[in-house]
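>>> Here is a sequence with its predicted model. Questions after.
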Amino acid sequence: MPRTADRLTLFTESVIREMTRVSNQHGAINLSQGFPDADPPSEVLAAGQQAMLEGPHQYAITWGAPRFREALVKKQRHWMGLDLDAEAHVVVTCGSTEAMMCAMVTACNPGDKVIIFSPYYENYGADAILSGAHPIYVSLHPPDFVFDPDELRAAFAQGPKAIVLCNPSNPSGKVFSREELEFIADLAKAHDAFVITDEVYEHIVYRPHRHCYMAALPGMFERTISCSSLSKTYNMTGWRLGYVIGSETVIAGVRKVHDFLTVGAAAPLQEAAATALELPLSYYEQLTAGYTRKRDMFLAYLDEAGLAYTKPQGAYYVMVDCTAFGVRNDREFCRWMAKEVGVAAVPGSSFFHEPVHHLIRLHFSRSEAILAETGKRLKRITSLL
Ligand code: GLN
């Protein structure tokens, strides 16, 4: 029996998705895998129905259906403030997951180093390993998830080919300030590195925080590979629609990688999702307002339950500190919580390179009724322990 590749031993299966299975097994409220329980906007669903009846049903252009790319470029010109071209600067991918993989393979030769901030969304380590790159981890120190400028300088001194920047950040809820981004940008320029961004939560940012696009900083468009998706903005994680935005040279590379990885994202869904990209600006205001309400409500429930946490500045996750419960093994604690409390979370250690075992991640992209029920259940933790 031939042996499977050695690289597979370098990363584990997704803990996030494992926790969804644990949650289902116990019938718990699933606040582990972060996806919204709302549907896409009704006009997008109607466009989906029409696309199913009328097509297209065959391959779209491999780097994206023209209408989708035009709509995307129009929207992102507004938000990013860049003069984007639908032909030269965009590749449509199967979610940001594929976008990040394409970006990594496009940027890195086997053996290159890639800086990853820790805690990090679990895909980045695997992406680096699958593309033959070696991760260098730089801590975002809890509870405020700030990086130490000297630690970042020291990481860049090792000559990385790229740095991965998840902003707003999963799992920490950190929104990088303009000053922090400028500091990273200066290092990337000084060491001639790419910045690969994952900006899927770009429209879920809580005031007074603001999302600042790395690609829009002076001199950064050429070296930034911007990845994002429609999943979180339009409640369509299952549609698997994402994209890469970059310079003409970068995009020429990404197109090739993407073509041989997946050929393309689903053609009828691209047609329907163009409708989402064409929604008016008020849609994004409502999205932010809705999530701000959910966040404030959920944090109030955590307060009532006596849980300590870092207030998220963006995205829809909150890192909860379980030290007070005497937690030393966050994995066991999450399994116990799903079974006994009826709330499923992700053990924080699955996001950290460092040995951090006192944090768990909860997401609050659920209906207000479910969040209220979660609040009730969380209050019981102390009495159940
Ligand atoms: N991004 C979401 C999370 O972090 C969903 C992960 C996934 O299953 N792709 O929970």
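Noted; the coordinates are in hand.

>>> pLDDT averaged over stretch 262-271, what's the number?
Mean per-residue pLDDT for stretch 262-271: 98.

>>> Can I get it in CSV? Just the C-alpha atoms.
Taking Å, rounded to 0.1, in the frame of the first residue of the first chain, the C-alpha atoms of stretch 262-271 are listed here in CSV:
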residue,chain,number,x,y,z
THR,A,262,-10.9,24.8,-10.2
VAL,A,263,-11.5,26.2,-13.8
GLY,A,264,-14.0,28.6,-12.3
ALA,A,265,-16.7,29.4,-9.8
ALA,A,266,-20.3,28.3,-10.5
ALA,A,267,-21.5,30.2,-13.6
PRO,A,268,-25.3,30.6,-12.7
LEU,A,269,-24.3,31.7,-9.2
GLN,A,270,-22.0,34.4,-10.5
GLU,A,271,-24.8,35.7,-12.6
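
>>> May I see the buried residues of that stretch?
Within stretch 262-271, the residues that qualify as buried by neighbour count (16 or more other Cβ atoms under 10 Å) are 262, 264-271. Just so you know, the C-beta spots here come from the backbone N, C-alpha and C atoms, and that holds for glycine as well.

>>> would you turn those into JSON lines with distance to Tyr283 and secondary structure?
Formatted as JSON lines, these follow (distance: Cβ to Cβ, whole Å; DSSP: H, G, I helix; E, B strand; the rest coil):
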{"residue": "Thr262", "distance to Tyr283": "28", "secondary structure": "helix"}
{"residue": "Gly264", "distance to Tyr283": "26", "secondary structure": "coil"}
{"residue": "Ala265", "distance to Tyr283": "22", "secondary structure": "coil"}
{"residue": "Ala266", "distance to Tyr283": "22", "secondary structure": "coil"}
{"residue": "Ala267", "distance to Tyr283": "24", "secondary structure": "helix"}
{"residue": "Pro268", "distance to Tyr283": "22", "secondary structure": "helix"}
{"residue": "Leu269", "distance to Tyr283": "19", "secondary structure": "helix"}
{"residue": "Gln270", "distance to Tyr283": "19", "secondary structure": "helix"}
{"residue": "Glu271", "distance to Tyr283": "19", "secondary structure": "helix"}
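
>>> show me the contacts for the residue of the chain found nearest the ligand.
Residue nearest to the ligand within the chain: Gly34 (3.2 Å; Cβ to the nearest ligand atom). Gly34 sits next to 16, 170, 316-317, 363, 365 when contact means Cβ atoms under 8 Å, 6 or more residues apart in numbering.

>>> make it 7 Å
316-317, 363, 365 (Cβ atoms under 7 Å, 6 or more residues apart in numbering).

>>> And Leu378, by the same measure?
Contacts of Leu378 (Cβ under 7 Å, 6+ apart): 301-302, 305, 307, 341, 343.

>>> Dump the buried residues of stretch 262-271 to CSV, plus distance to the ligand.
Shown next, in CSV, are these (distance: Cβ to the nearest ligand atom, whole Å):
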residue, distance to the ligand
Thr262, 16
Gly264, 20
Ala265, 16
Ala266, 17
Ala267, 22
Pro268, 22
Leu269, 17
Gln270, 20
Glu271, 24
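
>>> Pull the most distant pair out of those.
Thr262 and Glu271 (17.5 Å; Cβ to Cβ).

>>> got the residues of the stretch 51-200 of the chain near the ligand?
Contacts of the stretch 51-200 of the chain with the ligand, taken as Cβ under 6 Å from any ligand atom, map to 121, 170.

>>> those strands in the stretch 51-200 of the chain, which residues are they?
Taking DSSP state E, counting those that start in this stretch as the test, the strands found in the stretch 51-200 of the chain are 90-93, 113-118, 134-139, 162-166, 194-198.

>>> now the helix or strand following the last one and strand 194-198, what's the angle there?
Spelled out, it's strand 194-198. The element immediately downstream of strand 194-198 (helix or strand, assigned by DSSP states H and E) is strand 224-229. Here strand 224-229 runs at an angle of 10 degrees relative to strand 194-198 (axes from the mean of the first three to the mean of the last three Cα atoms, to 10 degrees).

>>> what are the pairing partners of strand 224-229, and which direction each?
Strand pairing for strand 224-229, determined by DSSP bridges: strand 194-198 (parallel), strand 242-245 (antiparallel).

>>> Run through who's touching the last one.
Translated: strand 242-245. 72, 76, 84, 89-96, 98-99, 102-103, 215, 225-229, 254.

>>> buried sites along stretch 345-363?
Per 16+ other Cβ under 10 Å, stretch 345-363 contains these buried residues: 345-353, 356-363.

>>> Compute the number of surrounding residues for Ala5.
8 (other Cβ atoms under 10 Å).

>>> can you check Ile381 too?
Using other Cβ under 10 Å: Ile381 sits among 20 other residues.

>>> what's the answer for Arg207, then?
Arg207 has 9 neighbouring residues, counting by other Cβ under 10 Å.

>>> Asp186 now?
Using other Cβ under 10 Å, Asp186 is surrounded by 14 other residues.

>>> could we number from 24 for the rest of this?
Okay, residue one is now 24; in that scheme the one you just asked about reads as Asp209.

>>> Find me the pLDDT at it, would you?
In this model, Asp209 carries a pLDDT of 98.

>>> likewise the one 4 residues further on?
On pLDDT, Ala213 comes in at 98.

>>> What sits closest to it if chain neighbours are left out?
Sequence neighbours aside, Phe179 is the residue nearest to Ala213 in space, at 7.3 Å (criterion: Cβ to Cβ, 6 or more residues apart in numbering).
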